[in-house]
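>>> Sequence first, predicted coordinates after that:
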Amino acid sequence: MAACVEIGGGGHSMDKSITLPPDEIFRNLENAKRFAIDIGGSLTKLAYFSTVQHKVAKVRSFDHTGKASEFCMDETEDEPLYEVSVQEEITARLHFIKFENAYIETCLDFVKDHLVNTETKVIKATGGGAHKFKDLLEKKLKLKVDKEDEMTCLIKGCNFVLRNIPHEAFVYVKHAEPEFRFQTTHPDIFPYLLVSIGSGVSIVKVESEDKFERIGGSSIGGGTFWGLGALLTKTKRFDELLQLASRGQHTNVDMLVKDIYGGAYESLGLTGDLIASSFGKSATADKEFSKEDMAKSLLHMISNDIGQLACLYAKLHNLSRVYFGGFFIRGHPVTMHTITYSINFFTKGEVQALFLRHEGYLGSIGAFLKGAEEDNPNQYSWGENYAGSSGLMSISPDMFPMQRTRSGTFDMLEMDRLERELVNLPLLLDSSSYIPDTVDLTEDALAREYWLSCFEEALDGVVKRAVASQPDLQDARERAEKFRHKYRHKLQTLRHQPCAYGSLTVRSLLDTREHCLNEFNFPDPYSQIKQRENDLALRYFQKVVSSMEMLSWEDRQFALVKGLLAGNMFDWGAKAVSDVLETDPTFGFDEAKRQLQERPWLVDSYSRWIERLKGPPHKCALFFIDNSGIDIILGVFPLVRELLCRGTEVVLASNSGPALNDVTYNELQILTEKIAAMDSVIHSGITKDRLILVQSGSSSPCLDLSRLDKGLATVVNERHTDLVVIEGMGRAIHTNYYAVLRCESLKLAVIKNSWLAERLGGKIYSVVFKYEQPRE
């Protein structure tokens, strides 16, 4: 096989061809274990499972005795607090690749040549082409083809993406900015209606993971549009027919209400512009109609028919969620618009037409899940790997019109298996309406441009930090440059296609960066900085606690809050702070306090918080912590200590994996052990099970309260948690600023970005202290 796969072939009039190395499309084939394939009329979707070997950062305490009391500051003056090692780890990944059927032999040859795992004996197959290509598959791959029911695979795939990809479903709004309006997926995805528009139409009611029923359908579907369109326009290609329709004016062919009655038919509530008769003018007009106008009329006729049918079934079965998929949809703006219009009209806006980002993969995902049932993949949570997924393409029909056909392109989706099962925080007031992110950058062009530029300008610093974190590895700089290239490419893609990966947010930009760093084996670029800052902060812990104990109760409460805010200044993710920390190593806790905004703060609920503290103690406080070093040790732990003294149990939730200089669960365990050796209150809290450490299930600088570790949720319920504390810009400002909980909450952060501070009406280092009580 040639060194590259050509993209842009297949007889299409592209300006130029693009080539991609096959190993960037069919990634990690040497470790592939299971295969599934969905072959449609024009597109093939290949799925496989692989194990990915990558580097992870591990921390381990030097104190192996398990006796916390043996920790002594004098003994650690010249040695690190703990050991950081980079180890190899095996994780599971799902790969999905979509390509034109014209490439199927070439792609199967590449898979065969690189397939090392000989345990694989069977390939699950679905779709109309599974029978047609059965012999080719068995000949090329030397695998037995096991065919699966197409509808079963479709439903299984749909359930999987709805459950695991937060911004999977969207509403399409033509001419809006943005055109995509991504929806929050309800925690319970059932029941729903799936309208699959292929050659015909199948309407399926899905009630649970394994219970679904085809409740209706129609022979008038995508095949009808294609067939009649070919007869009317002599255009044989489906995508070209849609392009004709996008340029057409259906009112030249269709008879409208006003053509019959001279205006609206008000007594029946019919507007003048409503179609009274599809193709009605062609019966009386003595003229030729353009291909474009006929194609547009035909598209409206079939879409309206499907839309009305879907609405009737949705009402009959009392279903409000209606998803559309199939090759008729396939991300095309003209079909999504006509279906949306039809649904809005017939339901008077009560039901929305929902589309799926990955609807083209549903069959292959379902076929794969059928073949992997012995491993029960649904028992795990999965997350989209932004580094290996290609995302949605731009859908504007006026820009690169033939690009919208996806013909000749290779689309990729990768899903990583998460080690922890993720669930909603039980304390969310309404998990179905919870939106983690404060600002959707797809809707805010000014903010989008600022943050994309901000992340691009920060790239040099991230590359420098990545290289510095692995001084003994000769290929570190080469891998760092590959990271730079990939992440910059992602940013450029998002400039032109902001909706490529769902709603564009600061969180998604940060997470994409972390995914790209991990892709090139930089699991924890800030590990050495965290180690050094933790070691330094521990030396001052007892001094800080002693100074607090000398204060009156009210002064101490303010000093604790101010200390927590000052600690939150030490955030290497904020450029204004990282620049200071890079150039002035002496910048410390007292200097940070002096930088803070004086009261009244930008958002200031402190007086209400103090009044609450004069009342009875909370039963249990859940604390989502942020940065390592001064933040956790000199900011958070003194406040934790105060809460324990009040009789409040405390749950400290930290990241499961590294992100920037945020403290991880393994690091927190070691730090807590060391602090317990110095402080009787912390020691008592640990030994009496009143101070509990949990992992959040996240590896992000931000926080999604709808995807948290199941163990954390269990602890929250068992301990009757009645206070949630969220600290830091990422967790309390970029996300969760508007999160509504069914218990008291405290959101606090220092705004360490001048642009954001000014937008919020403040200046850099402005303080947000937001105390909220549950609604009655």
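That came in fine, so what should we check first?

>>> need the helices for the stretch 601-750 of the chain, in chain order.
Secondary structure of the stretch 601-750 of the chain by DSSP state H, counting those that start in this stretch: the helices cover 606-613, 630, 637-645, 665-678, 680-687, 710-718, 729.

>>> what does the stretch 101-250 of the chain give?
Using DSSP H, counting those that start in this stretch, helices in the stretch 101-250 of the chain cover 104-114, 129-132, 134-141, 150-164, 222-233, 238-247.

>>> Would you mind listing the residues in contact with Leu644?
Contacts for Leu644 (CB atoms under 8 Å, 6 or more residues apart in numbering) come out as 650, 681-682, 684-685, 690-691. Placement of C-beta: from N, CA and C, glycine included.

>>> again, only using 10 Å
Leu644 makes contacts with 617, 621, 650, 681-682, 684-685, 688, 690-691, as judged by CB atoms under 10 Å, 6 or more residues apart in numbering.

>>> Ranking by neighbours, what's the top pick from the residues you listed?
Highest neighbour count within the contacts of Leu644: Val650, with 27 neighbours (other CB atoms under 10 Å).

>>> For the residue of the chain most remote from its centre, grab phi and psi.
Taking CA atoms, centre = their mean, the residue of the chain most remote from its mean C-alpha position is Asp286, at 55.0 Å. Per-residue torsions, Asp286: phi -100, psi 70 (degrees, to the nearest 10).

>>> Please read off the pLDDT at it from the model.
We have a pLDDT of 81 for Asp286.

>>> cool, Lys121 as well?
On the pLDDT scale, Lys121 gets 86.

>>> Distance of it relative to Tyr313?
Separation of Lys121 from Tyr313 (CB to CB, to the nearest Å): 41 Å.

>>> Residue ranges in the stretch 551-700 of the chain under the pLDDT threshold?
572-578, 580-587 (pLDDT under 70).

>>> again, only using 80
571-588 (pLDDT under 80).

>>> now the strands for it?
603-604, 620-624, 649-654, 691-695 (DSSP state E, counting those that start in this stretch).

>>> relative to helix 680-687, how tilted is the third one?
Read it as strand 649-654. 80 degrees (axes from the mean of the first three to the mean of the last three CA atoms, to 10 degrees).

>>> other SSEs contacting strand 649-654?
The helices and strands touching strand 649-654, judged by 3 or more CB pairs under 10 Å, 6 or more residues apart in numbering; DSSP states H and E, are strand 620-624, helix 637-645, helix 665-678, helix 680-687, strand 691-695, helix 710-718, strand 723-727.

>>> got a markdown table for the ones you listed, with distance to Phe522 too?
Below are the helices and strands packed on strand 649-654 laid out as a markdown table (distance: least, CB to CB, whole Å):
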| stretch | distance to Phe522 |
| --- | --- |
| strand 620-624 | 25 |
| helix 637-645 | 29 |
| helix 665-678 | 17 |
| helix 680-687 | 33 |
| strand 691-695 | 21 |
| helix 710-718 | 27 |
| strand 723-727 | 26 |
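
>>> Just name the most buried of those.
strand 723-727 (a mean of 25; mean count of other CB atoms under 10 Å).

>>> other SSEs contacting the helix or strand following that strand?
Following strand 723-727 in sequence order, the next helix or strand is helix 729 (DSSP states H and E). Contacts defined by 3+ CB pairs under 10 Å, 6+ apart place helix 729 against strand 744-751.

>>> Each with direction, which strands does the strand it packs on pair with?
Sheet pairing of strand 744-751 (DSSP bridges) gives strand 723-727 (parallel), strand 766-772 (antiparallel).

>>> Would you convert those strands into TSV that also reports distance to Ile632?
Listed next are the strands paired with strand 744-751 as TSV, based on distance: least, CB to CB, whole Å:
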stretch	distance to Ile632
strand 723-727	10
strand 766-772	19
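
>>> Those strands: which one's closest to Gln597?
Comparing the strands paired with strand 744-751 by their distance to Gln597 (CB to CB), the top pick is strand 766-772, with 4.8 Å.

>>> Run the angle between the closest one and helix 606-613 for me.
40 degrees.

>>> mind exporting strand 766-772 as PDB, just the C-alpha atoms?
C-alpha atoms of strand 766-772 as PDB (Å, rounded to 0.1, in the frame of the first residue of the first chain):
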ATOM      1  CA  SER A 766     -10.500  40.600  42.100                       C
ATOM      2  CA  VAL A 767     -12.200  38.200  44.500                       C
ATOM      3  CA  VAL A 768     -15.300  36.100  44.000                       C
ATOM      4  CA  PHE A 769     -16.800  34.800  47.300                       C
ATOM      5  CA  LYS A 770     -20.300  33.400  46.500                       C
ATOM      6  CA  TYR A 771     -22.200  31.800  49.400                       C
ATOM      7  CA  GLU A 772     -25.500  30.400  48.400                       C
END
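
>>> Run the chain-centre distance for it.
With CA atoms, centre = their mean, to the nearest Å as the basis, strand 766-772 stands 27 Å off its chain's centre.

>>> where in the chain is pLDDT low?
1-23, 54-86, 115-120, 185, 285, 373-378, 392-410, 571-588, 775-776.

>>> Skipping adjacent residues, who's closest to Lys134 in space?
Once flanking residues are discounted, Lys134 sits nearest to Val145: 4.9 Å by CB to CB, 6 or more residues apart in numbering.

>>> ok, the residue lying closest to His332 once chain neighbours are set aside to Leu356 distance?
Nearest residue to His332, sequence neighbours excluded (CB to CB, 6+ apart): Leu242, at 5.4 Å. Taking CB to CB as the measure, Leu242 falls 19 Å from Leu356.

>>> Which one's more surrounded, these two?
Neighbours around Leu242 and Leu356, counted as other CB under 10 Å, are more numerous at Leu242. The numbers are 26 against 22.

>>> Switch the strands of the stretch 551-700 of the chain over to JSON lines; also include distance to Glu150.
Formatted as JSON lines, those follow (distance: least, CB to CB, whole Å):
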{"stretch": "strand 603-604", "distance to Glu150": "54"}
{"stretch": "strand 620-624", "distance to Glu150": "44"}
{"stretch": "strand 649-654", "distance to Glu150": "43"}
{"stretch": "strand 691-695", "distance to Glu150": "40"}
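
>>> Leu141 is nearest to which of those?
strand 691-695 (40.5 Å).

>>> ok now that closest one, how far from the chain's centre?
For strand 691-695, the distance to the chain centre is 26 Å (CA atoms, centre = their mean).

>>> in its sheet, what does it sit against?
strand 649-654 (parallel).

>>> Need the three-state assignment for the nearest residue to Ile329 once chain neighbours are set aside.
Of all residues not flanking Ile329 in the chain, Thr335 sits nearest, at 5.5 Å (CB to CB, 6+ apart). Three-state assignment for Thr335 (DSSP: H, G, I helix; E, B strand; the rest coil): helix.

>>> can you tell me which residues contact Thr335?
172, 197, 222, 225, 242, 245-246, 299, 302-303, 306, 324, 326-329, 355.

>>> Check Ala757 too.
576, 597, 602, 750-751, 763-766, 768.

>>> which residue sits closest to it in space, ignoring its chain neighbours?
Ala757 sits nearest to Ile751 (CB to CB, 6+ apart), 4.2 Å away.

>>> Pairing partners for the one you found in the sheet, please.
With DSSP bridges as the rule, Ile751 is bridged to Ser766.

>>> roughly how far apart are it and Ala36?
Taking CB to CB, one finds Ile751 at 48 Å from Ala36.

>>> swap in Ala749?
For Ala749 relative to Ala36 (CB to CB), the value is 45 Å.

>>> And Asp286, by the same measure?
Counting by CB to CB, the gap from Asp286 to Ala36 is 55 Å.
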